[in-house]
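J.: generate a structure from the sequence data that follows.
(chains A, B and C)
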Amino acid sequence: MGLLARADATRLAALFPDLPEHALLRGPETGAVMVRGRQGGTGAPFNLGEMSVTRCSVQLASGAVGHAHVQGRDKAHARRAAVIDALLQGDDSLRATVLKPLAEAEAARRQARAAKAGATKVEFFTMVRGED
Amino acid sequence: MNPIAMKGGFTDAPVQSAQNFRALLSALSQPGTLVEMAGAEPPAPLSPAAGAAALVLFDGTTPVHLAGRLDTPDLRDWITFHTGAPLVAAEQAMFALGHWDDLQPVTRFAIGTPEYPDRAATLIVEMPDLTPDGATLRGPGIDGEATLSLPETRAFQMNRALFPLGFDTYLTAGNRIAGLPRSTLVEAV
Amino acid sequence: MYVAVKGGERAIDNAHAFLAEERRGDPSVPELSLAQIREQMALAVNRVMAEGSLYDPDLAALAIKQARGDLIEAIFLIRAYRTTLPRLGHSRPIDTGAMAAVRRVSATYKDLPGGQVLGPTFDYTHRLIDFALAAEGEAPEAPKAQPLGPVPRVTGFLDREGLIEAEPASDATPRDLTREPMELPADRALRLQALARGDEGFVLSLAYSSQRGYGRTHPFVGELRIGEVAVEMDIPELGFAVEIGEITVTECETVNQFMGSKTQPPQFTRGYGLVFGQSERKAISMSLVDRALRWEELGEENTGAPVQDAEFVLMHSDNIQATGFLEHIKLPHYVDFQSELELVRKMRREAMAGREAAE
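T.: All right, here's what the predicted structure looks like:
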């Protein structure tokens, strides 16, 4: 679900363009989720600020129910993610055709950023003092 | 969560919320007037009118108490799924849903504070039937007097005596709703 | 008293049309796209998200375009928009320890596990205008090396030895100043929320004043990190938490002057800053102000410094409240002024009469 939530909406639509028939149970609706942090990084929670989230719940003709909460305000994205969530409960082929390409693209992007950050790592040399 | 609990919400939330909110406003500002609600299909035994009121009024910041016969798994899930409202004990509730006898004693509910009279509970009372006869109502929003089938009068008289504190009440049956704010003077026939 | 005025409607419509044209500027210059603002004015977008208190880069980019680059006006637009959104819930507290960091530095330890990682920083630029940027051209791709993995928290090392005050986790529900009016005294959770959305300039100036001696707390930057963290939320219909997205945040932990008591051996204290986006000036400032505001719970002396005064800090940190109150004085006050005018005339008449009588 996290993968579908983080996916680029255009990329997801390209991987899975046509939605099967489904009924809307709730939404798609855009709202805000209050993001919490922790005092000192590890302590008691505090409210950092909100993020926009669009959610959708659908039911397929088969009766399977799917849910999605996706970052941003794209209702088509939330609806598509909810339908895929419902389909995944019966159809494993989507893992290879939709989830795998999304996961690979995400891993490559993260790896590239981590590698560029790694290249800015400082190597300190401790100077030996004269009297030692 | 049972899929039954995920059905029966508004199909066109912005429009239906606005229309039902207007209905709730009319009902509370003209006590005794029967107003139609539409668009919600909650799981049994909740009435469509009480269901629509729940969809309009409840959200994640409004603690809700489900009393007695209405405290069913399907209804708990329905309210959680569609409104996000936390379900709580009567004393902590901002809204309470129930039949009149299940809500007793109503003195448990929040009546607000002198600084914040708005921090009072609103009761949504499910009635077997709701008709424009019975107890006499007088007060703000009523031209002279009105009549309404109330479950009793004593509790509302005691609540009126607390004014400007006190709870507010909606009465529901089928798809009809009526309002009885804390400002209304109630007299038995 | 207010006086109704007629006839302003057309003038207002025309002012809006004039504003729209000025916003566009010279039509022979290509129009900015939202993607251009989001990608190339990213730090402005970050500031609007942080102080608008809504993480949505596309929306912040649109607000900046609409506000003609006036960031406080853009923040105002975001604040107004967020009030129209239903609150769907709250996230689990984000785990900044699991951050995919692109920058992470410490001023207290040089040889820390995970290393000092400079990331995309301005720090070592020479602040010389780069005229090459005036010409369009692709930036070369940044070099790569061994990818940076998760990096441990610096204060964790001090914590292990008991050298720094503990920050025990809890699941207490924090108060939310966007839902209920702020009441003083404000606890630390509420103060951090106010500072996270507070004006960067105001928080910076307060932090600077504390460094210059007005409420000094001897801070070291224990750790500053920037990167992406997952946001997770409990979904009742599922019965478990799912990831709903990923956000970039900047976190600063300061290690501050130590103290001890009869029961507690001396140990360092903490200040904390956490901000949406890449915004380290704001995060460092926030951690200094957070620490200074903790004087009471840490048993320190109130020296009367502005940064120690929670009411002063919290009631003046919001640039939208400040702008609203400040700018309202340019709106019609004809009646107020008329009455003052009458008063001054009357007092002058009386003063003149008094002087003549004396002569």
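
J.: are we agreed that C:Leu184 is in a helix?
T.: No: read with DSSP: H, G, I helix; E, B strand; the rest coil, C:Leu184 is coil and lies in no helix.

J.: that one contacts C:Glu311, doesn't it?
T.: Yes: taking contacts as Cβ atoms under 8 Å, C:Leu184 lies within contact range of C:Glu311: 5.6 Å. Just so you know, the C-beta spots here come from the backbone N, C-alpha and C atoms, and that holds for glycine as well.

J.: so which residues on chain A come close to chain B?
T.: A:Leu24, A:Leu25, A:Arg26, A:Glu29, A:Ser57, A:Gln59, A:Gly63, A:Val65 (Cβ under 8 Å from any Cβ of the partner chain).

J.: for the last one, give me its contacts.
T.: To tie it back to what came earlier, the one meant is A:Val65. A:Leu25, A:Ser57, A:Val58, A:Gln59, A:Ala86, B:Pro3, B:Met6 (Cβ atoms under 8 Å, 6 or more residues apart in numbering or on different chains).

J.: tell me the two of those residues that are most distant?
T.: Taking Cβ to Cβ, the two most distant members of the contacts of A:Val65 are A:Ala86 and B:Met6; they sit 11.8 Å apart.

J.: got any residues that touch both of those two?
T.: A:Gln59, A:Val65.

J.: how many neighbours does the closest residue to chain A within chain B have?
T.: Residue nearest to chain A within chain B (Cβ to the nearest Cβ): B:Met6, separated by 4.4 Å. B:Met6 is flanked by 20 other residues according to other Cβ atoms under 10 Å in any protein chain shown.

J.: tell me how far the spatially most central residue of chain A lies from C:Glu243.
T.: Nearest to the geometric centre of chain A sits A:Arg6, at 2.4 Å (Cα atoms, centre = their mean). For A:Arg6, the distance to C:Glu243 (Cβ to Cβ, to the nearest Å) stands at 7 Å.

J.: picking that back up, now for the residue of chain B closest to chain A: which residues touch it?
T.: Per Cβ under 8 Å, 6+ apart, neighbours of B:Met6: A:Leu25, A:Arg26, A:Ser57, A:Gln59, A:Val65, B:Asp77, B:Trp78, B:Phe81, C:Glu237.

J.: what's the pLDDT at it?
T.: At B:Met6, the predicted lDDT confidence score is 89.

J.: same question, the one 4 residues further on
T.: On pLDDT, B:Phe10 comes in at 92.

J.: tell me the contacts of it?
T.: Counted by Cβ under 8 Å, 6+ apart, B:Phe10 has contacts B:Gln16, B:Ser17, B:Gly39, B:Ala40, B:Leu55.

J.: which parts of chain C are strands?
T.: C:54-55, C:87-90, C:100-105, C:116-117, C:220-235, C:240-259, C:267-276 (DSSP state E).

J.: where does pLDDT dip in the chain?
T.: With no chain named, the answer covers chain A. A:125-132 (pLDDT under 70).

J.: actually it's chain B I care about, not the one you picked
T.: Ranges of chain B meeting pLDDT under 70: none found.

J.: which stretches in it count as strands?
T.: Using DSSP E, strands in chain B cover B:35-36, B:64-66, B:95-99, B:122-126, B:135-138, B:146-148, B:168-173, B:176-180, B:185-187.

J.: can you add mean neighbour count and distance to chain A and give those strands back as JSON lines?
T.: JSON lines is the format used below for these (neighbours: other Cβ atoms under 10 Å in any protein chain shown; distance: least, Cβ to the nearest Cβ, whole Å):
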{"stretch": "strand B:35-36", "mean neighbour count": "18", "distance to chain A": "24"}
{"stretch": "strand B:64-66", "mean neighbour count": "23", "distance to chain A": "18"}
{"stretch": "strand B:95-99", "mean neighbour count": "24", "distance to chain A": "20"}
{"stretch": "strand B:122-126", "mean neighbour count": "24", "distance to chain A": "22"}
{"stretch": "strand B:135-138", "mean neighbour count": "20", "distance to chain A": "38"}
{"stretch": "strand B:146-148", "mean neighbour count": "19", "distance to chain A": "34"}
{"stretch": "strand B:168-173", "mean neighbour count": "24", "distance to chain A": "23"}
{"stretch": "strand B:176-180", "mean neighbour count": "26", "distance to chain A": "23"}
{"stretch": "strand B:185-187", "mean neighbour count": "17", "distance to chain A": "39"}
